[in-house]
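S.K.: I would like the atomic coordinates for the input below:
(one chain, ligands or ions: 2)
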Amino acid sequence: MQGYSIKTLTQFIIERQADFPYATGEFTRLLYHVGIAAKFVNKKVNKAGLVDILGEAGNINVQGEDQKKLDVLANWQFIQALKSSRECCGIASEENQEIITWDDELTRDGNYIFCMDPLDGSSNIDVNVSIGTIFSIYRRISPRGEKATLDDFLQPGNKQVAAGYVVYGSSTMLVYTTGSGVFGFTLDPSIGEFCLSHYSINTPQDGKIYSINEGNYSNFPEGVKKYIDYCKEADSKTNRPFSARYIGSLVADFHRNLLKGGIFLYPATAKAPKGKLRLLYECNPIAFLAEQAGGKATNGSQRILDVKPESLHQRIPFYAGSSNMIDKLEEFMRNNP
Ligand code: AHM
Ligand code: MG
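M.R.: Ligands and ions are numbered 1, 2, ... in the order given. Below you'll find the predicted structure:
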């Protein structure tokens, strides 16, 4: 019988534990639980259409649980997994107005805090288009043994110890960084494991894709308008015009551009004068991944990871992707204030 060699996410994170000085296994356990939650959510995402067709939403299932909307369910799933990891002392989620902390001794002793968008791009669920989970992990700054505080969550992105996303697409992938490269794992449904499929992802310095909701063009800042015009202009030396690709799921749009080279843009608009995307659990984790893959992320003039958050659900204009494309965008924004 022919054997084959695979490396699962769990094996990989245990091996990489040795990369962390004084590693105690706490962080490894936390990531392991993130992987478990992702598998549960994947199962639900795969069944979403079926559940809809059968009209179960809003009913009580045989276990006596309410059939909830998928994003609420994903939120619940991650919260449960993180709590049971016992390494997480607090969570900030797009689904919860306030931070989530617990009162028992074990979780109060956890060393890490977790920020997440449990199901990003949720407007795409109903039409069977890729969606994702985005997460960001920090070491707490408040003393262990006490409840986590808001200040634990308002650390700048450059303090992240890990970040990642799960994209529920034609296959399901988990991509993460702990600050020494970006690694991608594809879920093999036959064995129910995330298997290493993308070792040390490097994004191209130049790309040919721009991703933006161009319907908002008339409301974009002048520099962004000029940059979009530049993307569409023909010039064989710089491979223009670039291709426009926009799914409307940050995770899926970013993931494609990460692998192929490109730029994702969500500027301030009239409807969203501070931008639409949230700093803590959408922009910071994606920015960390972009940089770790050799790309960049900016708000137009400042590195995203250096922005000091002021509130939990703060929004910010966001541009991430291939480094030469981000440089060019910033040049346009500088010259067209
Ligand atoms: P959500 O967190 O409510 O799902 O919204 C975030 C999503 C991102 O995934 C995506 O990049 C963006 O909103 C799309 O917004 P728009 O429809 O305005 O282009
Ligand atoms: Mg979101």
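S.K.: from the stretch 101-250 of the chain, which residue is nearest to ligand 2?
M.R.: Closest residue of the stretch 101-250 of the chain to ligand 2, CB to the ion: residue 120 (3.7 Å). For glycine as for every other residue, the C-beta is placed from the backbone atoms N, C-alpha and C.
S.K.: residues contacting that residue?
M.R.: Contact analysis of residue 120 by CB atoms under 8 Å, 6 or more residues apart in numbering lists 94, 131-134, 165, 249-251, 282.
S.K.: can you list the low-confidence ranges for the stretch 1-150 of the chain?
M.R.: Residue ranges of the stretch 1-150 of the chain with pLDDT under 70: 1-4, 19-23, 49-68.
S.K.: contacting residues around stretch 123-133?
M.R.: Contact with stretch 123-133 is made by 38, 41, 45, 48-49, 52, 70-71, 74, 78, 116-122, 165-170, 247-252, 255, as judged by CB under 8 Å, 6+ apart.
S.K.: cutoff 6 Å now
M.R.: The contact list for stretch 123-133 (CB atoms under 6 Å, 6 or more residues apart in numbering) reads 48, 70, 118-121, 165-169, 249, 251-252.
S.K.: what does stretch 107-115 give?
M.R.: Outside stretch 107-115, the residues within contact range by CB under 6 Å, 6+ apart are 26, 30, 82, 87-92, 136-138, 140, 144-145, 148, 152, 280-281.
S.K.: what's the separation between the residue nearest to the spatial centre of the chain and residue 97?
M.R.: Residue closest to the average C-alpha location in the chain (CA atoms, centre = their mean): residue 134, at 2.8 Å. Distance from residue 134 to residue 97, counting by CB to CB, to the nearest Å: 18 Å.
S.K.: restrict stretch 315-332 to CA atoms and write it as PDB.
M.R.: Extracted in PDB, the C-alpha atoms of stretch 315-332 (Å, rounded to 0.1, in the frame of the first residue of the first chain):
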ATOM      1  CA  ARG A 315     -13.600  51.600  11.900                       C
ATOM      2  CA  ILE A 316     -10.700  52.700   9.700                       C
ATOM      3  CA  PRO A 317     -10.000  53.100   5.900                       C
ATOM      4  CA  PHE A 318      -8.000  50.000   4.900                       C
ATOM      5  CA  TYR A 319      -5.700  49.200   2.100                       C
ATOM      6  CA  ALA A 320      -3.700  45.900   2.000                       C
ATOM      7  CA  GLY A 321      -1.700  43.900  -0.500                       C
ATOM      8  CA  SER A 322       1.400  43.800  -2.700                       C
ATOM      9  CA  SER A 323       4.000  46.300  -1.400                       C
ATOM     10  CA  ASN A 324       4.600  48.200  -4.600                       C
ATOM     11  CA  MET A 325       0.900  48.600  -5.200                       C
ATOM     12  CA  ILE A 326       0.500  50.000  -1.600                       C
ATOM     13  CA  ASP A 327       3.400  52.400  -2.200                       C
ATOM     14  CA  LYS A 328       1.800  53.600  -5.400                       C
ATOM     15  CA  LEU A 329      -1.500  54.200  -3.700                       C
ATOM     16  CA  GLU A 330       0.100  56.100  -0.800                       C
ATOM     17  CA  GLU A 331       1.900  58.200  -3.400                       C
ATOM     18  CA  PHE A 332      -1.400  59.100  -5.100                       C
END
